[in-house]
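A.B. asks: Sharing a model prediction with you, sequence too.
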Amino acid sequence: MADTEQTRPAAEAAGQDNSLDELKALLLEIQERVRARHATTAEGKLALPDLLPVLHARDAAQGKVAAIGSVNPRPGGPVNAIIQSIKRLVARTLNWFVREQVEFNRAMVDAVETMLRAMEDNNRALAELAGRIEAFHQAHVLDLKSYWDAWHTEWERKLAVNEMQFLRGLADLQTAFLQRTGQMEANFAERSAAQHKDFTQALEKSGLAMQQRLWADLERIRLQYEGMIHHELRLLRQKAALAPSPAAGAAPADAPPHQIDWLKFAEKFRGSEESIRRRQTAYVDKFRGCRRLLDVGCGRGEFLEVMRDAGIPAAGIELSEELVALCRGKGLEAECADMFPHLEAQPDRSFDGIFCSQVVEHLPPSRVPELVRLMSAKLRPGGVAAVETPNPESLAIFATHFYLDPTHQRPLPPALLAFYFEEAGFGRLEVIRLAPAEEEIPELKGLPAELRQRFFGPMDYAVIGRKL
């Protein structure tokens, strides 16, 4: 510690010497810059401008001004006298011409004399200023060094004091800032947790209340909807019961029994209308371009809706008045009619296309070829006929849907239905298979592919042909 106290004055003295050296170097640099811009004497002093050449030039100009208008002398004699007289006459004659030039020259000489006097005054002032600067330099250079030393020492002391005060204040500010930041973070976390808890509770309560209201409304709507359906069905059945029975004996073989709600039956076992429409979009390209298309057994009108969306005009026939009313409620063209009498009543070659889906399995086996022949007779040459029915090649159809419908008679193998088409005059036959069984029964995916393809293939198929 003592060594440190002893070495401190030496270090301060060295720092002061360094500062003085820097000041001297700065002054020398300034002098060098001035000397580089202005000429100096051999002693290193600032050289004043030499006015002697300007004086000689002024005297010469005054002589020229005095000579304007005069005639140079010549030797005596009568000839020279005549020449001199002529020159003086010419000089007096040209006096008006050179008068302005003479006045201008005299003014320029006066301006030069004025400039000379100003430059002389400037030289005297510069000489006096140089003397004063030299005297000031000689008189005050030691005072400047001592003043610089005192100022530098005081400045170092104040700098150290201010630095300590600044660091102390900065430390206090940092401590206060950290304390305040920690407090704000704690308050923010606490308030966020409380708000999140309140929001979660309110959201759960609101969601539960909305779910309860939604399920209550859905249950009420479902009950009202089912009540309306059963009421309408009851009215239709009462109307059918009051209608007079036909003169001819039994009902057609494909007429459905009225003691079953077939609309509810189709919704439960055949599938939703949306799923049936999605499947029957595969027939759009087959019937594109038809101007008169008939759907035999249109049911709920899914095929008619698909054709309407595709811009293909189509009409349907159906035995169930309830289903016909449903189709008409959708804006579809449908009428209640038995397929055989209706087709027989139509002119031959009057249709571009005839579609029949999930109908032939309801007919007695002997009437299926009759239906195919009627379809052929009513189609124009090149017209398209398509018949869709359950696929008996897939054993899955017998384990699921075929025997759910009490009106099903007997399944038709694809080869037999295609043979009926050939016999009726159809060509370019195409058999397409629909509704893969593994989509209905996912457990079938565990079977070997060959076995699944041979015995559990698509559950529906359709035969499509063109009238030759």
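C.D. replies: In hand now; what should we look at?
A.B. asks: show me what contacts F177?
C.D. replies: For F177, the contact set (Cβ atoms under 8 Å, 6 or more residues apart in numbering) is empty. In this view, the C-beta of every residue, glycine as well, is placed from N, C-alpha and C.
A.B. asks: Can you tell me the SS state at it?
C.D. replies: Following DSSP: H, G, I helix; E, B strand; the rest coil, F177 is assigned to helix.
A.B. asks: just C356 next, same as before
C.D. replies: Judged by three-state DSSP, the three-state class of C356 is strand.
A.B. asks: in the sheet, who's paired with it?
C.D. replies: V296, V387 (DSSP bridges).
A.B. asks: how close does it sit to L371?
C.D. replies: 7 Å (Cβ to Cβ, to the nearest Å).
A.B. asks: Where does pLDDT dip in the stretch 301-450 of the chain?
C.D. replies: Under the criterion pLDDT under 70, the flagged ranges of the stretch 301-450 of the chain are 395-396, 398-405, 437-439, 441-450.
A.B. asks: Confirm S394 sits in a helix?
C.D. replies: No - under three-state DSSP, S394 falls outside any helix and is assigned coil.
A.B. asks: Under the pLDDT cut-off, which ranges of the stretch 101-250 of the chain? List them.
C.D. replies: Scanning the stretch 101-250 of the chain for pLDDT under 70 picks out 136-144, 226-227, 230-231, 233-235, 237-250.
A.B. asks: Could you verify that G427 is part of a helix?
C.D. replies: No - counting by three-state DSSP, G427 is located in no helix; its state is strand.
A.B. asks: show me the contacts for it.
C.D. replies: G465, R466, L468.
A.B. asks: Could you rerun that using 6 Å?
C.D. replies: If a contact means Cβ atoms under 6 Å, 6 or more residues apart in numbering, then G427 has R466, L468 as its contacts.
A.B. asks: From K286, how far off is it?
C.D. replies: 15 Å.
A.B. asks: how does this protein divide into domains?
C.D. replies: 14-171, 262-467 (automatic domain parsing).
A.B. asks: C-alpha coordinates for stretch 22-30, PDB please?
C.D. replies: Presented in PDB, the C-alpha positions along stretch 22-30 are these (Å, rounded to 0.1, in the frame of the first residue of the first chain):
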ATOM      1  CA  GLU A  22       1.200  16.600 -26.500                       C
ATOM      2  CA  LEU A  23       0.400  20.400 -26.300                       C
ATOM      3  CA  LYS A  24       3.800  21.300 -27.700                       C
ATOM      4  CA  ALA A  25       3.400  18.900 -30.500                       C
ATOM      5  CA  LEU A  26       0.000  20.400 -31.300                       C
ATOM      6  CA  LEU A  27       1.500  23.900 -31.400                       C
ATOM      7  CA  LEU A  28       4.300  22.800 -33.700                       C
ATOM      8  CA  GLU A  29       1.800  21.200 -36.000                       C
ATOM      9  CA  ILE A  30      -0.200  24.400 -36.200                       C
END
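A.B. asks: average pLDDT for that stretch?
C.D. replies: For stretch 22-30, mean pLDDT is 73.
A.B. asks: now swap in stretch 33-50 and tell me
C.D. replies: 64.
A.B. asks: quick one, strands of the stretch 201-350 of the chain?
C.D. replies: Taking DSSP state E, counting those that start in this stretch, the strands of the stretch 201-350 of the chain run over residues 293-296, 314-318, 334-336.
A.B. asks: List the neighbouring strands of the longest one plus their orientation.
C.D. replies: Looking at strand 314-318 with DSSP bridges, its partner strands are strand 293-296 (parallel), strand 334-336 (parallel).
A.B. asks: Just name the most buried of those.
C.D. replies: The highest mean neighbour count among these, using mean count of other Cβ atoms under 10 Å, belongs to strand 293-296: a mean of 24.
A.B. asks: buried set for stretch 186-200?
C.D. replies: Within stretch 186-200, no residue counts as buried by 16 or more other Cβ atoms under 10 Å.
A.B. asks: Check stretch 294-310 too.
C.D. replies: Buried positions in stretch 294-310, judged by neighbour count with 16+ other Cβ under 10 Å: 294-308.
A.B. asks: Ok, stretch 353-370 next?
C.D. replies: Within stretch 353-370, the residues that count as buried by 16+ other Cβ under 10 Å are 353-363, 367-369.
A.B. asks: what's the closest of those to L236?
C.D. replies: Relative to L236, the closest of the buried residues of stretch 353-370 is H362; by Cβ to Cβ it sits at 20.6 Å.
A.B. asks: For the closest one, give its distance to R168.
C.D. replies: Counting by Cβ to Cβ, the gap from H362 to R168 is 103 Å.
A.B. asks: Likewise for A418?
C.D. replies: Taken as Cβ to Cβ, the span from A418 to R168 is 104 Å.
A.B. asks: Same drill for these two, tell me which one is more crowded.
C.D. replies: Each of A418 and R168 has its neighbours counted (other Cβ atoms under 10 Å); A418 has more, 20 against 10.
A.B. asks: isn't that one right up against R428?
C.D. replies: No - using Cβ atoms under 6 Å, A418 is not in contact with R428; the gap is 11.6 Å.
A.B. asks: Dump the buried residues of stretch 353-370 into a markdown table; add distance to T114 as well.
C.D. replies: Formatted as a markdown table, these follow (distance: Cβ to Cβ, whole Å):
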| residue | distance to T114 |
| --- | --- |
| G353 | 124 |
| I354 | 129 |
| F355 | 125 |
| C356 | 131 |
| S357 | 127 |
| Q358 | 130 |
| V359 | 133 |
| V360 | 136 |
| E361 | 136 |
| H362 | 138 |
| L363 | 140 |
| R367 | 143 |
| V368 | 140 |
| P369 | 142 |
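A.B. asks: Cool, thanks, signing off.
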